[in-house]
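J.: would you be able to build a 3D model of this:
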Amino acid sequence: MIDLLIFYLHTIAGAAVFTRRYQEEGVGEGFLALAFFALIFFVGWGMASFLVKLLMGPEGLGAAFNRDTAGLTLLTLAEGVFYYLYFRPDGSEGKGAEGAVSGGGN
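T.: Alright, predicted model coming up:
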């Protein structure tokens, strides 16, 4: 059941990411953002599952919170931090730690 809620949350977040970028930049940018979101999800899921497999047995913490659910929960928390930092509310979207795009060097 927890797995279903996590997948549902990712479905809603994917729709929100597509809609936001579609409204700001156009349909191509919306699909590109959705592809980036999916890439982060699938690669992160594999990495989180690997880490949880090292720390937890196959039975997990019970019937409702097995090893797969723990991996998805870890992934969701890590994605939440990543997307919060990437889509900062102060308007510095994807511009790095300094808040500005590097101008190159002369």
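J.: so what's the backbone phi/psi at the closest residue to E59 other than its chain neighbours?
T.: Once flanking residues are discounted, E59 sits nearest to N66: 6.6 Å by CB to CB, 6 or more residues apart in numbering. In short, each C-beta sits where N, CA and C put it, glycine included. When read as degrees, to the nearest 10, the backbone of N66 gives phi -80, psi -170.
J.: count the neighbours of N66 for me.
T.: 18 (other CB atoms under 10 Å).
J.: quick one: contacts for it?
T.: Each residue near N66 by CB atoms under 8 Å, 6 or more residues apart in numbering is listed here: 58-60.
J.: let's have these in a markdown table, adding pLDDT, secondary structure and neighbour count.
T.: A markdown table is the format used below for the contacts of N66 (pLDDT from 0 to 100; DSSP: H, G, I helix; E, B strand; the rest coil; neighbours: other CB atoms under 10 Å):
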| residue | pLDDT | secondary structure | neighbour count |
| --- | --- | --- | --- |
| P58 | 73 | coil | 8 |
| E59 | 73 | coil | 10 |
| G60 | 70 | coil | 16 |
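J.: and of these, the nearest to G28?
T.: G60 (41.2 Å; CB to CB).
J.: and the closest residue to the closest one other than its chain neighbours, how far from I6?
T.: Using CB to CB, 6+ apart and skipping residues adjacent in sequence, the residue nearest G60 is N66, 3.7 Å away. Relative to I6, N66 is positioned 13 Å away (CB to CB, to the nearest Å).
J.: longest helix in this protein, by residue count?
T.: In the chain, assigned by DSSP state H, the helix with the most residues is helix 27-55.
J.: list the buried residues of it.
T.: Counting neighbours by 16 or more other CB atoms under 10 Å, one finds that the buried residues in helix 27-55 are 30, 33-34, 37, 40-41, 44-45, 48-49, 52.
J.: and stretch 24-31, average pLDDT?
T.: The average pLDDT within stretch 24-31 is 89.
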